[in-house]
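Enquirer: requesting a structural model of the entry that follows:
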Amino acid sequence: MDWRAVFERALPYEQYLQAHGTAAHRERWQAVYDRVRLTDAQRELLRGFTRRMNVLVLAGTWCGDCVNQCPILQRVAEAAGVIDLRFFDRDADAHVTGQLKVNGGSRVPVAVFLSEDFFECSRYGDRTLAFYRKLAREQLGPSCPAGIAPPSDDVLAEATREWLAEVERVQLMLRLSPRLREKYGD
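Expert: Model (predicted):
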């Protein structure tokens, strides 16, 4: 997969929401974004990142899992400063969506973590463990809720920790990469 080409077609957070979301979708995403809180320790960790990361998220503005998780990634990217976060609509390209299936299905969100030169480092999605635990506890309806009922603060905080752990893991992968350490002399 030519991740650079896909990334270049993808959109930053606000542009993605404007291009693919309705006013109701944007309201739901904004409501979760407004509730996402990074702790002082999390912000300090993110400010310490030195390697540029490209993060491509396959998403759908209509998807409740995206509503509840993509704003977390936006907050993380804003705090880090070295993360270029882009969104690609699930329905925009069947080939890309086909490459990012989860358990045989077209699930969203799926994040692809890429190095500065677009080597794939990791994939993460469609739900964090916190959201899977919540769903299992509730045993409720559809596999992809509409995002109308927002997650509790504790589930949102746990999901934030889980996404941040994956972001940190990839940052350390890049920071310790012999190829990149040689390139930057560090």
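Enquirer: make it CA atoms for all contacts and neighbour counts henceforth
Expert: OK.
Enquirer: and F87, that one's in a helix?
Expert: No. F87: not assigned to a helix; according to DSSP: H, G, I helix; E, B strand; the rest coil it is strand.
Enquirer: residues near it, how many?
Expert: 26 (other CA atoms under 10 Å).
Enquirer: and P150, helix, strand or coil?
Expert: Secondary structure, three-state DSSP: P150 is coil.
Enquirer: what sits up against the least confident helix or strand in the chain by mean pLDDT?
Expert: One helix or strand of the chain scores below all others by mean pLDDT, DSSP states H and E: helix 129-138, with a mean of 85. Around helix 129-138, the neighbours that count as contacts under CA atoms under 8 Å, 6 or more residues apart in numbering are 155, 158-159, 162.
Enquirer: likewise for stretch 115-124?
Expert: 3-4, 51-54, 110-114, 166, 170, 173-174.
Enquirer: how deep is W62 tucked in, by neighbour count?
Expert: 20.
Enquirer: oh, I was asking about R9
Expert: 11.
Enquirer: what's the neighbour count on G104?
Expert: 8.
Enquirer: distance of it from G98?
Expert: Taken as CA to CA, to the nearest Å, the spacing of G104 relative to G98 amounts to 9 Å.
Enquirer: can you check S115 too?
Expert: Distance, S115 to G98, by CA to CA: 22 Å.
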